[in-house]
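Student: When you get a sec, could you give me coordinates for this:
(chains A, B, C and D)
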Amino acid sequence: MSKVFTSFDEAIQDLKDGDTIIVGGFGLCGIPEKAIEAILRKGTKNLTVVSNNCGVDDWGLGLLLANKQISKIIASYVGENKTFEQQFLNGEIEVELTPQGTLAERIRAGGAGIPAFYTATGVGTPIAEGKPTKVFDGKTYIEERAIVGDFAFVKAWKGDKLGNLVYRKTARNFNPLAAMAGKITIAEVEELVEVGELDPDQIHTPSVYVQRILVGDHYEKRIERKTTRKKEEVY
Amino acid sequence: MSKVFTSFDEAIQDLKDGDTIIVGGFGLCGIPEKAIEAILRKGTKNLTVVSNNCGVDDWGLGLLLANKQISKIIASYVGENKTFEQQFLNGEIEVELTPQGTLAERIRAGGAGIPAFYTATGVGTPIAEGKPTKVFDGKTYIEERAIVGDFAFVKAWKGDKLGNLVYRKTARNFNPLAAMAGKITIAEVEELVEVGELDPDQIHTPSVYVQRILVGDHYEKRIERKTTRKKEEVY
Amino acid sequence: MTLTTREKIVKRAVKEIKDGMNVNLGIGMPTLVANEIPSDYQVLLQSENGLLGIGPYPTEDEVDPDLINAGKETVTAVKGAAFFDSAESFAMIRGGHIDLAILGGMEVSEKGDLANWMIPGKMVKGMGGAMDLVQGAKRVVVIMEHLSKKGEPKVRKECTLPLTGQGVVDRLITELAVFDFTEEGMVLIEKLKDISLEELKSKTEAEYSISPNLIEW
Amino acid sequence: MTLTTREKIVKRAVKEIKDGMNVNLGIGMPTLVANEIPSDYQVLLQSENGLLGIGPYPTEDEVDPDLINAGKETVTAVKGAAFFDSAESFAMIRGGHIDLAILGGMEVSEKGDLANWMIPGKMVKGMGGAMDLVQGAKRVVVIMEHLSKKGEPKVRKECTLPLTGQGVVDRLITELAVFDFTEEGMVLIEKLKDISLEELKSKTEAEYSISPNLIEW
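Tutor: Predicted coordinates for the structure are as follows:
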């Protein structure tokens, strides 16, 4: 009955070719590094990946791209990736660009049992093409559909053995939403604590959303753009 | 420029007859006691009140009912209130019963700029009457509209002077949603702390949603149904 | 010890709960099911006002006005509990993350319709979270007495009261019998030994088939 | 000291920020505006990846891979900052809680349309949060150079590039002029002293009226 796994390979055993996976993270921040590595090892093909970005050439989801495991991406920005560019121009990969806020809300809606909602985002732009619209109080809105994943992969800072999760700083981003929207949600954490150690008022993802939990070691947490100031610099 | 007020009467000075107010709380738990008392003193009439419940006869929103300040209630359950019953049967008050989850989501949608969403809740029941429906993947859903308040009144445990809020236990309930959906959101807290004292990872309501904040003293926190066990009782 | 009608229903209802489940128990009789959950089970009880992991009632010293259940009773929270706001709470419910909801009923129809929130002509109190629960929970079990206080059938061909949900009930448990609602219609799957099939039929307005694997207790 | 074109634009743009505002600054030139905000202002900068209260870049010791801005640069957080998830972040944006968004542009039309995310024939990178920001922020200010690198007008009758938003721009700031988009159309409200109205007109494809209170700098 325990949700705690010790092997990432075992935790993703039932991931199948053609599955839709929702992956937490923004850029390279708060990405489920260890699960992505396991998917790379497993070699699952034809994945539809829902994620705000798609990694860089040699890290994060970029690894799955390079290994040609992804056939479709639903994302808001895929700009940092030459592998992607090539595969897109070759017609090897389908892309559904979605405004970032709409993407976040579509994933939340998938988790919350809301099949569709309306937003003004994208009205009058290419994003609106083919989508139903409706006027409320004189303003036009687009209908956007929910997203549900066969699996969701999330990365948290701490988690307890029941699956309650706490994120750190901007590594939270899409992770709590992804957790809600996976039929099977697999959480990886830097620190796995005993049940009762997390303050119930401070849990970001309640355990009900998490089916499997693992602790990962040696998180690389790669930085995409390291920007610093000199110590004496006044901001 | 400070958001900090010291007088509840001053904080609600611009509340007008006929305004829509969204009020946090579930039952008598986590209700903005002090703001309600100020509204009672001010005597504002014809209020549309959006709140999960409507207090009891002599406490919470029941005080505004008894003083005939409310002309319409949008709530999920109004069962604990004889004053309400009388006014309803006399036709003095209009009621829009809304399933609790739909109510919560309508308020969140109001705060999140989503004019409408679909839910299966209430399909085939009196709640669906007169509402547009739509079929997604073979299942019928009802379209539900967002709620925005002229004012929102919320009660938090701690708040800082910028308006960041932290709630305690089940006193959170509708409060974070109400905070999002008020054109002017007035937060009352048990403890007002300096900016920087709250952990940024643990804030439930970010300051952007709060326009005015006050500390209240001597919270009564009335209990509706005190249920206890004997110490030795094993559960 | 002879069990009361409610005790009988509660004893049967608790068997619906499996180890590891996240469960929402409705107000009233369903709340009593909590006391019967085997102590070695890891079950989290959800309270739609914003708590996953309801604990026992507090001792006098533990009473906390900031910690109540959906019935507005003071409660405690178990280890591993989480608090959240009402939108998150119903995201859980509506999104199918609650494995089981056990709810009371006024009437259930043979199509699995449920009425449990409103009696026409009487004061309307509201549906609270019941309409969300019956649509959202993965499995909906209704527990109620087989007949009304006046001896009228509550298991109906069609509900006479306004509905809480249409075709939402998976299983109905009364003190006399257990019925499942399937694609092929309503099926009697369990009954009291002491009641004949004829007598049960006479007390049930709904039409149902009888499972070939009928269990008697 | 002579200011570069970008510096001129940034200096003018910062005047849009008032004390007490919650502001979102786009990636690129808008990010530079942060450095010019008067130090006595209580302004919170929002980063759509989940931070309200962006601080300065970290020192080498402070670098934290878990703390980045929407441009994926390492940053710090100010006192009073809050972290949240992406749905909450865009609830803030879409719900009109961000007072001001300052964004870069490729083209702006006389109707206040903005194009800033896609060049046909070139690789599409994505719109990120720009489409949400232009629809949701209470006020949208676009900053861009008046002409393209090839010397072509970027302030257009109609955008030639795919839109980010239709009729969403409240104010446009270039190194030559400032325009408002009102119910009565596009209005020139400020311009560089050194440029004649004729020259400005020749560099601007869009049609605009001239404010009776035209300011020159």
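
Student: all strands of chain A, in order?
Tutor: Using DSSP state E, the strands found in chain A span residues A:20-23, A:47-50, A:70-75, A:94-97, A:116-119, A:133-136, A:139-145, A:149-160, A:165-166, A:182-193, A:212-215.

Student: With D:Lys201 as the reference, name the closest of those.
Tutor: strand A:139-145 (33.2 Å; Cβ to Cβ). Every C-beta, even on glycine, is put in place using the N, C-alpha and C of the backbone.

Student: before we move on, back to that, select, out of the strands of chain A, the one closest to D:Ile173.
Tutor: Ranking the strands of chain A by proximity to D:Ile173 (Cβ to Cβ) places strand A:139-145 first, at 26.5 Å.

Student: same for that closest one, what does it pack against?
Tutor: With contacts defined as 3 or more Cβ pairs under 8 Å, 6 or more residues apart in numbering or on different chains; DSSP states H and E, the packing partners of strand A:139-145 are helix A:100-112, strand A:116-119, strand A:133-136.

Student: hmm, back to that, could I get the strands of chain A as a markdown table with mean pLDDT and mean neighbour count?
Tutor: Formatted as a markdown table, the strands of chain A follow (pLDDT from 0 to 100; neighbours: other Cβ atoms under 10 Å in any protein chain shown):
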| stretch | mean pLDDT | mean neighbour count |
| --- | --- | --- |
| strand A:20-23 | 98 | 27 |
| strand A:47-50 | 98 | 24 |
| strand A:70-75 | 96 | 21 |
| strand A:94-97 | 94 | 16 |
| strand A:116-119 | 98 | 25 |
| strand A:133-136 | 98 | 13 |
| strand A:139-145 | 98 | 19 |
| strand A:149-160 | 98 | 26 |
| strand A:165-166 | 98 | 25 |
| strand A:182-193 | 98 | 22 |
| strand A:212-215 | 98 | 21 |
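
Student: Using CSV, lay out these together with distance to A:Gly62.
Tutor: Shown next, in CSV, are the strands of chain A (distance: least, Cβ to Cβ, whole Å):
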stretch, distance to A:Gly62
strand A:20-23, 12
strand A:47-50, 11
strand A:70-75, 10
strand A:94-97, 15
strand A:116-119, 29
strand A:133-136, 35
strand A:139-145, 27
strand A:149-160, 15
strand A:165-166, 25
strand A:182-193, 18
strand A:212-215, 22
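
Student: about what we covered before: could you dump the helices and strands packed on strand A:139-145 to CSV with distance to B:Ile184?
Tutor: Below are these laid out as CSV (distance: least, Cβ to Cβ, whole Å):
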stretch, distance to B:Ile184
helix A:100-112, 24
strand A:116-119, 24
strand A:133-136, 22
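
Student: Spell out which parts of chain A neighbour chain C.
Tutor: Residues of chain A lying close to chain C by Cβ under 8 Å from any Cβ of the partner chain are A:1, A:108, A:110-114, A:160, A:162, A:164, A:180, A:195-196, A:200-201, A:203, A:206-209.

Student: Tell me which of the strands of chain A lies nearest to D:Leu188.
Tutor: Ranking the strands of chain A by proximity to D:Leu188 (Cβ to Cβ) places strand A:139-145 first, at 28.1 Å.

Student: the inter-axis angle of that closest one versus helix A:100-112?
Tutor: What separates the directions of strand A:139-145 and helix A:100-112 is an angle of 50 degrees, with axes from the mean of the first three to the mean of the last three Cα atoms, to 10 degrees.

Student: Export strand A:139-145 to CSV, keeping only CA atoms.
Tutor: Output in CSV follows, covering the C-alpha atoms of strand A:139-145 (Å, rounded to 0.1, in the frame of the first residue of the first chain):
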residue,chain,number,x,y,z
LYS,A,139,-16.4,41.0,-24.4
THR,A,140,-15.3,38.1,-26.5
TYR,A,141,-13.6,35.1,-24.9
ILE,A,142,-12.1,31.8,-26.3
GLU,A,143,-13.1,28.4,-25.0
GLU,A,144,-10.1,26.5,-23.8
ARG,A,145,-10.1,22.7,-23.0
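
Student: Partner strands of that strand, with direction?
Tutor: Using DSSP bridges, the strands paired with strand A:139-145 are strand A:116-119 (antiparallel), strand A:133-136 (antiparallel).

Student: How about residues contacting the first one?
Tutor: Looking back up the chat, that one is strand A:116-119. Here strand A:116-119 makes contact (Cβ atoms under 8 Å, 6 or more residues apart in numbering or on different chains) with A:101-102, A:105, A:109, A:134, A:136, A:141-146, B:109, B:113-118, B:134, B:136, B:141, D:94, D:135.

Student: please redo it, this time with the cut-off set to 6 Å
Tutor: With contact meaning Cβ atoms under 6 Å, 6 or more residues apart in numbering or on different chains, strand A:116-119 is reached by A:102, A:109, A:141-145, B:114-118.

Student: count of residues packed around A:Glu92?
Tutor: Using other Cβ atoms under 10 Å in any protein chain shown, A:Glu92 is surrounded by 13 other residues.

Student: So which of the residues of chain A next to chain C sit within helices?
Tutor: A:108, A:110-112, A:180 (DSSP state H).

Student: check whether the helix or strand of chain A at the bottom of the mean pLDDT ranking contacts chain D.
Tutor: Within chain A, no helix or strand scores below helix A:82-89, which has a mean of 84 by mean pLDDT, DSSP states H and E. Yes: using Cβ under 6 Å from any Cβ of the partner chain, helix A:82-89 reaches chain D at A:Glu85.

Student: roughly how far is that helix from the heart of the chain?
Tutor: Relative to the centre of its chain, helix A:82-89 is centred 20 Å away, using Cα atoms, centre = their mean, to the nearest Å.

Student: do the same with stretch C:81-95
Tutor: Offset of stretch C:81-95 from its chain centre (Cα atoms, centre = their mean): 19 Å.

Student: hmm, that stretch touching chain D?
Tutor: No: Stretch C:81-95 does not reach chain D (Cβ under 6 Å from any Cβ); its nearest approach is 10.2 Å.

Student: Quick one: end-to-end distance for that stretch.
Tutor: Using Cα to Cα, to the nearest Å, the span of stretch C:81-95 from its first residue to its last is 19 Å.

Student: Give the buried residues for it.
Tutor: In terms of neighbour count (16 or more other Cβ atoms under 10 Å in any protein chain shown), stretch C:81-95 has its buried residues at C:81-95.

Student: Show me which of those residues is closest to chain B.
Tutor: Minimum distance to chain B across the buried residues of stretch C:81-95 is 3.0 Å, recorded for C:Phe90 (Cβ to the nearest Cβ).

Student: ok, for A:Trp157, nearest residue in space, not its chain neighbours?
Tutor: Distance criterion Cβ to Cβ, 6 or more residues apart in numbering or on different chains; nearest residue to A:Trp157, sequence neighbours excluded, is A:Arg168 at 3.9 Å.

Student: what does A:Val215 give?
Tutor: A:Val215's closest residue in space is A:Leu192 (Cβ to Cβ, 6+ apart), at 4.2 Å.
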